[in-house]
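*Asks:* Here is my input; please provide its structure:
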Amino acid sequence: MNYPVIKENHLFSKAYERGKSFVSEGMALYVLRSRNRKETFVGFTVSKNRGNAVLRNRLRRRMREAYRILYPFVKKGYLIVIVARQQCERYSSTELCEQLHALFRKAALF
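*Replies:* Numbering: from 1, shown residues only. Predicted coordinates for the structure are as follows:
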C-alpha cells in the first residue's frame, strides 16, 4: 500500500458530513478538500448488509486495487471515502476500476 489511508472514525464522519458526494451504480464517493494536509487520504467502507466478512473484505481489496492504479493521477490535499453500493458486488475488477475512474473525473480529482 503506497498511499495514505484514513483510519480514524472522525475523519470518515467529517468526509460524510462536510464532503461533496458523487454517486454511480456501484459506488459512492465522498470528497472533502483538506487545507492542512499535503497528501490525499482515502478510506474504503463496505456495509454489513453486503454479505459476510469474506465477501466484504474481498470487495474492499478490489476497491483498494482500483484506487492503487489511479492513485498517481489523483490531486493532492483531499479526504476521500469510497463506499461500496449494492451493484458493486457484480462488477469485475476492470469494471470497478472504470467506475472509480468515472467518479474521480466527475469529482474533478485528476
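*Asks:* Run through who's touching stretch 7-24.
*Replies:* 6, 28-32, 41, 43, 45, 79-81, 85, 99, 102-103, 106-107 (C-beta atoms under 8 Å, 6 or more residues apart in numbering). (Each C-beta comes from the backbone N, C-alpha and C, glycine too.)
*Asks:* So which of those residues sit within helices?
*Replies:* Among the contacts of stretch 7-24, the members falling in helices (DSSP state H) are 99, 102, 103, 106.
*Asks:* pLDDT for these - can I get that in a markdown table?
*Replies:* A markdown table is the format used below for the ones in helices among the contacts of stretch 7-24 (pLDDT from 0 to 100):
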| residue | pLDDT |
| --- | --- |
| 99 | 94 |
| 102 | 96 |
| 103 | 96 |
| 106 | 96 |
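*Asks:* Which of those residues are buried, as a ChimeraX select command?
*Replies:* Here is the ChimeraX command that picks out the buried ones among the ones in helices among the contacts of stretch 7-24, judged by 16 or more other C-beta atoms under 10 Å:
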select :99,103
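*Asks:* The residue most central in space within the chain pairs with what?
*Replies:* Nearest to the geometric centre of the chain sits residue 82, at 2.3 Å (C-alpha atoms, centre = their mean). Counting by DSSP bridges, residue 82 is bridged to residue 29, residue 44.
*Asks:* shaky segments in this protein?
*Replies:* Across the chain, residues meeting the criterion (pLDDT under 70) sit at 1.
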